[in-house]
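Engineer: Quick one, fold the following:
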Amino acid sequence: MGRANNTFVTEFILVGFAAIPQLQIALFVIFLTIYIFTITTNLLIIGTVRAEQHLHKPMYFFISNFSVLEICYTNAIIPKMMVGLVTGNKSISVQGCIIQFYFVSDFSVTLHFLLAVMSYDRYLAICRPLHYTTIMTSRVCGYLALFAWTAGHFAPFMPAVMVSNLYFCGPQNIDHFFCDFAPLLKLSCTDTSLAEVTYFAFAWSVILCCFFFTLVSYVHIISTVLRIKSPFGRQKTFSTCTSHLAVVSIYYGSVIFIYIRPTARTRFHWDKVVSVFYSMVTPVFNPIVYSLRNQEVKKALAKVLYRHQRLG
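Structural biologist: Numbering: from 1, shown residues only. This next block holds a predicted model:
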């Protein structure tokens, strides 16, 4: 990423939501509420899963990893945006922008792989229940989680290097609230064709491979559920993966809309709306769907809070 120091532009301006200046404070309050809720609920989930022995199961192990990931992803985007809203200083250095782009991509890729791993866990639990405990051991769970995190760290490295090798000579305004690929590409004054091909090869391979893996898992899950004769049995079995399916549907719908289209057709105003949805609304939605509506988690959380209150 060394060439960024030789660019004509040394910093960018994250325009964000400047089109509605009268709502800057209101937006700050909304995003601060989202941020506090996201961090607090995910920390509660992580703490509850760690504290309660009966939650030491593969599904909750992956959910706690998902919560860690949500905290990392939220911290990569929202704090910088809130500082800009409250102070009016929306500048970010070129190096800082590329670093933010890398980490947002890192956590996004990790999320894709983790959703695929969780779909595999649900496939084993429903389609191969007799072998589930022997296949999905704690060691296998650890390896699968490690794979998701490691893939997330390494996959965006080449696109980040390609972006860092671009020259930026003005304008400085990024029409987004964080450093994303398409808005950065628009500001480059050099040939971006290689960077674009590299990025979209990366995006298509990660997003579509994980999506199709998850889709195949759910085809097997649904076919298995439909073979259950009892309506109650079908409902009970399928209920174990409805939360994951809801999160997958929402996340992939928004991500595919943004990241696997040609850059030339990008409309940044619509992208900002969709990006708000998957980068801020979805992290609020996930703890509720995955854990806080789960009776087992709610009972465990109540026990942890009661125990903490007694000790306090």
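
Engineer: Could you list the low-confidence segments of the stretch 51-200 of the chain?
Structural biologist: Counting by pLDDT under 70, the stretch 51-200 of the chain contains no low-confidence range.

Engineer: mind listing the strands for it?
Structural biologist: Along the stretch 51-200 of the chain, counting by DSSP state E, counting those that start in this stretch, strands occupy 91-93, 173-174.

Engineer: Need those strands in JSON lines (columns: mean neighbour count).
Structural biologist: Glycine gets a C-beta too; all of them are placed from N, C-alpha and C. Formatted as JSON lines, the strands of the stretch 51-200 of the chain follow (neighbours: other Cβ atoms under 10 Å):
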{"stretch": "strand 91-93", "mean neighbour count": "16"}
{"stretch": "strand 173-174", "mean neighbour count": "18"}
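
Engineer: mind putting the ones you listed in CSV, distance to residue 302 included?
Structural biologist: Below are the strands of the stretch 51-200 of the chain laid out as CSV (distance: least, Cβ to Cβ, whole Å):
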stretch, distance to residue 302
strand 91-93, 42
strand 173-174, 45
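
Engineer: right, and those - which one's nearest residue 47?
Structural biologist: strand 91-93 (32.8 Å; Cβ to Cβ).

Engineer: Off-centre distance for that closest one?
Structural biologist: Relative to its chain's centre, strand 91-93 lies at 23 Å (Cα atoms, centre = their mean, to the nearest Å).

Engineer: Repeat that for stretch 44-51.
Structural biologist: The chain centre lies 20 Å from the centre of stretch 44-51; the measure is Cα atoms, centre = their mean.

Engineer: Apart from its neighbours in sequence, what residue is nearest residue 288?
Structural biologist: Ranked by Cβ to Cβ, 6 or more residues apart in numbering and with sequence neighbours excluded, the top spatial neighbour of residue 288 is residue 41, at 7.6 Å.

Engineer: For that neighbour, pull up the helix or strand it's in.
Structural biologist: Using DSSP states H and E, residue 41 falls within helix 24-51.

Engineer: Output the contacting helices and strands for that helix.
Structural biologist: helix 58-87, helix 282-287, helix 295-311 (3 or more Cβ pairs under 8 Å, 6 or more residues apart in numbering; DSSP states H and E).

Engineer: Of these, give the one that comes closest to residue 275.
Structural biologist: helix 58-87 (8.8 Å).

Engineer: who are the neighbours of the closest one, in terms of helices and strands?
Structural biologist: strand 11-14, helix 24-51, helix 94-127, helix 138-154, helix 282-287.

Engineer: ok, and for stretch 10-17, which residues are buried?
Structural biologist: 12-17 (16 or more other Cβ atoms under 10 Å).

Engineer: re earlier: pretty sure the residue nearest to residue 288 sits against residue 287.
Structural biologist: Yes. Using Cβ atoms under 8 Å, residue 41 is in contact with residue 287, at 3.9 Å.

Engineer: Could I get the contacting residues of the closest residue in space to residue 179 that isn't next to it in sequence?
Structural biologist: Excluding the flanking residues, the one nearest residue 179 by Cβ to Cβ, 6+ apart is residue 97, at 4.0 Å. Residues in contact with residue 97, defined by Cβ atoms under 8 Å, 6 or more residues apart in numbering, are 12, 174, 179, 184.

Engineer: Equivalent analysis for residue 171, please.
Structural biologist: residue 187.

Engineer: how close does it sit to residue 190?
Structural biologist: Here residue 171 is placed at a distance of 15 Å from residue 190 (Cβ to Cβ, to the nearest Å).

Engineer: Ok, residue 152 next?
Structural biologist: Taken as Cβ to Cβ, the span from residue 152 to residue 190 is 28 Å.

Engineer: Give me the more crowded residue out of the two.
Structural biologist: Between residue 152 and residue 190, residue 152 has the larger neighbour count (other Cβ atoms under 10 Å), namely 23 against 13.

Engineer: so the more buried one makes contact with residue 102?
Structural biologist: No. Taking contacts as Cβ under 8 Å, residue 152 lies outside contact range of residue 102: 10.8 Å.

Engineer: and for those two, which residues touch both?
Structural biologist: By Cβ under 8 Å, 6+ apart, no residue touches both residue 152 and residue 102.

Engineer: hang on, the earlier thing: let me have the helices and strands packed on helix 58-87 in JSON lines, extended by distance to residue 211.
Structural biologist: Listed next are the helices and strands packed on helix 58-87 as JSON lines, based on distance: least, Cβ to Cβ, whole Å:
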{"stretch": "strand 11-14", "distance to residue 211": "29"}
{"stretch": "helix 24-51", "distance to residue 211": "24"}
{"stretch": "helix 94-127", "distance to residue 211": "8"}
{"stretch": "helix 138-154", "distance to residue 211": "15"}
{"stretch": "helix 282-287", "distance to residue 211": "16"}
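
Engineer: Can you tell me which of those is nearest to residue 255?
Structural biologist: Closest of the helices and strands packed on helix 58-87 to residue 255 is helix 94-127, at 7.4 Å (criterion: Cβ to Cβ).

Engineer: Fine by me, we can end here.
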